[in-house]
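J.: fold the following for me, if possible:
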Amino acid sequence: MANREVSLRMRYRSEQLLGYLKRAAAMGAESYAYYVPYEKNVQHALESLRTRVFERGEFNGFELAPSTPEEAFELMDTDGTASILDIQQVADQPNFFCAAPFTLDELQAHFGTDQPTRTEIESGDGFWNTLERGQARYVVVYQDEQPAEIYFAGYSFD
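T.: Just a heads-up that it's a prediction; the model follows:
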């Protein structure tokens, strides 16, 4: 049992290091992450988050005073806003401008469960090395075995 624990700790530390290196190597790409209250309609949760980020001015280009999230994205051209404003829809598979769910295998690999808690998500940052620029992923966060939040994480384009 002790060997298994050591092996899991080493794997966890390796994933942390790979995540750090991936973020550092992304040269210019900025990571972002958000928790929002759980709702069954993930597209609606994404739209609500985008509205909140826009209204608070928590994105690159806010100083240009865009009137809509779409205008903010357009004003930033190929760099994007380095925020969830770059993500416009939920999709089944990872793609540019989309937020896609982690698969069951990915959840197990990154968090050790298919119903991760906030603590498991925050301690399992190895998933960062699987994210591509201009894309986001999401996962339903559990508390007391019930959906509690949705976690969105992604990278800017540049």
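
J.: touching the biggest strand by length in the chain from outside, list them.
T.: Secondary structure of the chain per DSSP state E: the longest strand is strand 146-155. Applying CB atoms under 8 Å, 6 or more residues apart in numbering, the external contacts of strand 146-155 come out as 26, 29-39, 42, 45-46, 49, 84, 86-87, 99, 118, 121, 127-128, 131-143. Heads up, the C-betas are built off the backbone N, CA and C, glycines and all.

J.: now a PyMOL select for only the buried ones of those residues.
T.: Command for PyMOL that selects the buried part of the contacts of strand 146-155, burial taken from 16 or more other CB atoms under 10 Å:
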select buried, resi 26+29+30+31+32+34+35+36+38+42+45+46+49+84+86+87+99+121+127+128+131+133+134+135+136+137+138+139+140+141+142
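
J.: after the lowest-mean-pLDDT helix or strand in the chain comes which helix or strand?
T.: Lowest by mean pLDDT, DSSP states H and E among the helices and strands of the chain is helix 2-25, with a mean of 45. Beyond helix 2-25 in the direction of the C-terminus, DSSP states H and E gives the next helix or strand as strand 31-37.

J.: flag the shaky bits of the protein, pLDDT-wise.
T.: Applying pLDDT under 70 to the chain flags the ranges 1-28.

J.: 80 instead, please
T.: Filtered on pLDDT under 80, the chain yields the residue ranges 1-28, 78, 125, 158.

J.: among the contacts of strand 146-155, which ones are in strands?
T.: Using DSSP E, the subset of those located in strands is 31-37, 99, 136-143.

J.: neighbours around residue 104, how many?
T.: Other residues near residue 104 come to 9 when the count uses other CB atoms under 10 Å.

J.: can you pull the contacts of it?
T.: Contacts of residue 104 (CB under 8 Å, 6+ apart): residue 114.

J.: hmm, residue 115 and residue 145 touching each other?
T.: Yes - Residue 145 is within contact range of residue 115, at 6.8 Å (criterion: CB atoms under 8 Å).

J.: of these two, which one has the most company?
T.: residue 115 (15 against 8).

J.: doesn't residue 144 make contact with the more buried one?
T.: No - judged on CB under 8 Å, residue 115 makes no contact with residue 144 at a distance of 10.5 Å.
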